[in-house]
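> Fold the following for me, if possible:
(chains A and B)
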2 protein chains.
Amino acid sequence: MSEIDFEGWTCPAPIRPTDKVILGHGSGGTLSRDLLNRLFLPELGKAAPRALDDSAVVVMDGQRYALTTDSHVVSPLFFPGGDIGRLAICGTVNDLAMVGATPVALTCGFVLEEGLSFEVLQRVVKSMEESAREAAIYIAAGDTKVVGKGGADKLFINTSGIGKIADGVNISGANAKEGDVVIVSGTIGDHGITVLSARENLGFETMLESDVAPLNHLVELMISAGEVHVLRDPTRGGLATSLVEISEQSNVMIEINEESLPMKLSVKAACEVLGFDPMYVANEGKLVAFVREDDANRILDVMKKTKYGEDAAVIGKVIGNGKSQVRLRTAIGGTRLVDMLPGEMLPRIC
Amino acid sequence: MSEIDFEGWTCPAPIRPTDKVILGHGSGGTLSRDLLNRLFLPELGKAAPRALDDSAVVVMDGQRYALTTDSHVVSPLFFPGGDIGRLAICGTVNDLAMVGATPVALTCGFVLEEGLSFEVLQRVVKSMEESAREAAIYIAAGDTKVVGKGGADKLFINTSGIGKIADGVNISGANAKEGDVVIVSGTIGDHGITVLSARENLGFETMLESDVAPLNHLVELMISAGEVHVLRDPTRGGLATSLVEISEQSNVMIEINEESLPMKLSVKAACEVLGFDPMYVANEGKLVAFVREDDANRILDVMKKTKYGEDAAVIGKVIGNGKSQVRLRTAIGGTRLVDMLPGEMLPRIC
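Numbers count the residues shown, from 1 in each chain, chains lettered A, B, ... in the order given. Below is the predicted model of the structure:
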């Protein structure tokens, strides 16, 4: 057993580095990255270099396939606009779509807490079926484990999926190029704020709704309309964290115009009251795309004609390379640097 | 929302049918089957008929692939002979191998409880890497979620895997034929009794060891030595439940000789003291095979030359078809019918 070297881990608070898992390690931000780079990858990453995209690419019989996995622990199980079942299907479908893959099949692993009512489980399963039908993905296999009361919080669902990547499609966080136009497919922050509000009974939930949705059909249209270099669904850590990841993978400078960010008034209001920056709040039915400048208008047009892309907007541009940086041009004309989510703002939102 | 019809559900005790999840729904026995047939499959099984083997078979580009998923919630995390990490890798590798697939890649989804020590997590991850290396499977993707203290019991791991099924290989629980010889790859009951003893500090754990191991290399040798019709790893519900499932899938009568069942003396002794029937105790490094009569000796010979098959033995035969039944010929010459595990004997053993 090798010693864990605590030097240089991200400190969750102004105290010494922790030797225990804290909520922030599940945030999708810098603490999550620490855990990945310092504990998981040194062991599990031995086999191959990692692309660190939403799905891994595996070649079998000369054909490229995308593989992905996600565990879902959202609390509460039901929230305005969705539930853990829809989230589990859409999360995995979207991870496949973000490398340009057409989803083929997925598996579901349930961990149930003793005492969960069949009625709740049936509602969740029904919702999974409806979402899978909408995404046209096939649920191929499943597994159920039950733990004693108090051993888990009601219901966790893992969904793992496989998708096929067509010849000529080459989409990765590492493919952003100078000049690329940055598009977001709709309003940001809807999911995270809705779940938080529903969980804590903050009273905003009556005017909020999660955006959880499968984006694979939207992605297919985008790919056929023009050259798409990068796709990512800004879930945990929000849009800001996704942009920073992409700037690092591609080693490019990205400039975002704050005023261009589509946002619902209700989300904006809730974020202001609660003190959240919507750029760090999770989305579950949105994507950010980096596309070839000449194709941007054509791609935006096809997006706007779809249900899940009608509020799509150009939000920025890749302004240089050789350096990874995300700059936000603010409404009052200033510029500030954007960093990853450092710790955990909203636990258990997916 | 359709009403759940409670008519005909297996009753966990002599009371009215439950409308809540109980531990027995995770047993792998009749209560698990109820949950599958009455709640999951009516929704999630709409897309396709189910084979109910350890892995699902999906055809992509004319090639058959096996897909499988398993969540692991074993308690304690470490036990003599293994740990949750080795269990998670081997469980999925074995499910792929049981349809004759060569494992290609797997994904890992972690649910961590806040406060879990990095040292524990690192030991588990290291064990996963070692087991994956032994099985020659590639860990392609991962995901980590963290829930608050009390929201989960330390650490759950989902592993989902994909494997390739070679042309000509056709292995399924539905393929048992009259005359087939039934082989088990080694001693039964080791895993379940070891975990129970370690969890409850029963004192047997010093002389017991889990059998958790990847069986894919063994399966490859078996397939090249003769005609294999059925493979199954008798995990939850034990050997008895696997045999009943196979008898139902193939609609055949199976006769097992009690005296032929390989069993460690320590497991036998522990089962006697605790009142368990070893045929219902989980294994994690064993398989049961139904093979063509003429090939049985050749297959048994190659098995016995391997580390995980050295105690392999012929335990019975398919004695008829047109009726699903499992008969046990006891040591004193009697015969009794074998049924599935009805409820839950040993929760959280995998």
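> what residues does the stretch 151-300 of chain A put near chain B?
Counting by CB under 8 Å from any CB of the partner chain, the residues of the stretch 151-300 of chain A close to chain B are A:G151, A:A152, A:D153, A:F156, A:N158, A:S160, A:I162, A:K164. Using the backbone N, CA and C atoms, a C-beta is placed for each residue, glycine as well.
> Show me the two of those residues that sit farthest apart.
A:G151 and A:K164 (37.6 Å; CB to CB).
> More neighbours: which of the two?
Neighbours were counted for A:G151 and for A:K164 using other CB atoms under 10 Å in any protein chain shown; A:G151 has more, 23 against 17.
> Quick check, the residue in the stretch 251-350 of chain A closest to chain B?
A:R348 (6.2 Å; CB to the nearest CB).
> In which helix or strand does the residue nearest to that residue when sequence neighbours are not counted reside?
Excluding its sequence neighbours, the residue lying closest to A:R348 (CB to CB, 6 or more residues apart in numbering or on different chains) is A:S75, at 4.7 Å. Using DSSP states H and E, A:S75 falls within no helix or strand.
> A:S75 against A:R199, yeah?
Yes - using CB atoms under 8 Å, A:S75 is in contact with A:R199, at 5.8 Å.
> hey, what's in contact with both of the two?
Listed as contacting both A:S75 and A:R199 by CB atoms under 8 Å, 6 or more residues apart in numbering or on different chains are A:R348.
> Dihedrals phi and psi, the nearest residue to A:G151 once chain neighbours are set aside?
Once flanking residues are discounted, A:G151 sits nearest to B:D153: 4.4 Å by CB to CB, 6+ apart. Phi and psi for B:D153, reported as degrees, to the nearest 10, are phi -100, psi 90.
> cool, A:A331 as well?
Main-chain dihedrals, A:A331, degrees, to the nearest 10: phi -60, psi -30.
> Looks like it contacts A:S260 (just checking).
No - the pair A:A331 / A:S260 is not scored as a contact, 10.1 Å apart, by CB under 8 Å.
> element containing the residue nearest to A:D83 when sequence neighbours are not counted, please.
Once flanking residues are discounted, A:D83 sits nearest to A:S127: 5.2 Å by CB to CB, 6+ apart. Counting by DSSP H and E, the element that carries A:S127 is helix A:118-135.
> Strand partners (parallel or antiparallel) of whichever helix or strand comes after that helix?
Per DSSP H and E, the first helix or strand lying C-terminal to helix A:118-135 is strand A:138-147. For strand A:138-147, the paired strands and their directions (DSSP bridges) are strand A:101-113 (parallel).
> Would you pull up how far the partner strand lies from the middle of the chain?
Counting by CA atoms, centre = their mean, to the nearest Å, strand A:101-113 is centred 16 Å from the centre of its parent chain.
> any idea of the mean pLDDT in stretch A:124-139?
Stretch A:124-139 shows a mean pLDDT of 96.
> what's it in contact with?
By CB under 8 Å, 6+ apart, stretch A:124-139 touches A:77, A:82-86, A:88-90, A:93, A:103-108, A:155, A:157, A:161, A:214, A:216-217, B:1, B:39-40, B:43-44, B:46-48, B:58.
> Equivalent analysis for stretch A:315-331, please.
A:176-184, A:240, A:243-244, A:247-248, A:250-262, A:279, A:288, A:290, A:335-339.
> which residues does the residue most central in space within chain A contact?
Among the residues of chain A, the one closest to the centroid is A:T235, at 2.7 Å (CA atoms, centre = their mean). Counting by CB under 8 Å, 6+ apart, A:T235 touches A:G28, A:G91, A:H191, A:A282, A:N283, A:E284, A:C350.
> if you skip the residues just before and after it, what's nearest to the second one?
Pointing back at A:G91 there. A:D70 (4.7 Å).
> my read: the one you found touches A:N158, true?
Yes - A:D70 lies in contact with A:N158 (CB under 8 Å); the separation is 6.9 Å.
> Show me which of the two is the more surrounded one.
Taking other CB under 10 Å, A:D70 and A:N158 do not tie; A:N158 has more neighbours (32 against 26).
> sec struct for the more buried one, please.
Of the three states, A:N158 takes strand according to DSSP: H, G, I helix; E, B strand; the rest coil.
> Bridging across strands, which residues link to the nearest residue to A:G26 once chain neighbours are set aside?
In space, A:G26 comes closest to B:V146 once its chain neighbours are excluded; the distance is 3.1 Å by CB to CB, 6+ apart. When bridges are called by DSSP bridges, B:V146 pairs up with B:L112.
> residue contacts, B:V146?
A:V21, A:I22, A:L23, A:G24, A:H25, A:G26, A:E344, A:P347, B:V111, B:L112, B:E113, B:E114.
> and these, which of them are in strands?
Among the contacts of B:V146, the residues falling in strands (DSSP state E) are B:V111, B:L112, B:E113.
> What ranges does chain A have for its helices?
Assigned by DSSP state H, chain A shows helices spanning A:30-35, A:41-44, A:84-97, A:118-135, A:190-200, A:216-225, A:238-250, A:265-274, A:296-304.
> Pick the most deeply packed of those helices.
Highest mean neighbour count of these: helix A:84-97, a mean of 29 (counted as mean count of other CB atoms under 10 Å in any protein chain shown).
> got the angle between that helix and strand A:138-147?
Counting by axes from the mean of the first three to the mean of the last three CA atoms, to 10 degrees, helix A:84-97 points 130 degrees away from the direction of strand A:138-147.
> ok, back up a step: if I look at the residue nearest to A:R348, how far off is A:V291?
36 Å (CB to CB, to the nearest Å).
> Could you check which of the two is surrounded by more residues?
A:V291 (26 against 18).
> What is the lowest-mean-pLDDT helix or strand in chain A packed up against?
Least confident helix or strand of chain A, by mean pLDDT, DSSP states H and E, is helix A:41-44 with a mean of 86. Where contact means 3 or more CB pairs under 8 Å, 6 or more residues apart in numbering or on different chains; DSSP states H and E, helix A:41-44 is packed against helix B:118-135.
> Show me the contacts of A:T235 that map onto strands.
Per DSSP E, the contacts of A:T235 never map to strands.
> of A:A331 and A:S260, who's got more company?
Using other CB under 10 Å as the criterion, A:A331 and A:S260 rank with A:S260 on top: 13 against 10.
> Excluding sequence neighbours, find me the nearest residue to the more buried one.
Spatial nearest neighbour of A:S260, excluding adjacent residues (CB to CB, 6+ apart): A:I315 at 4.5 Å.
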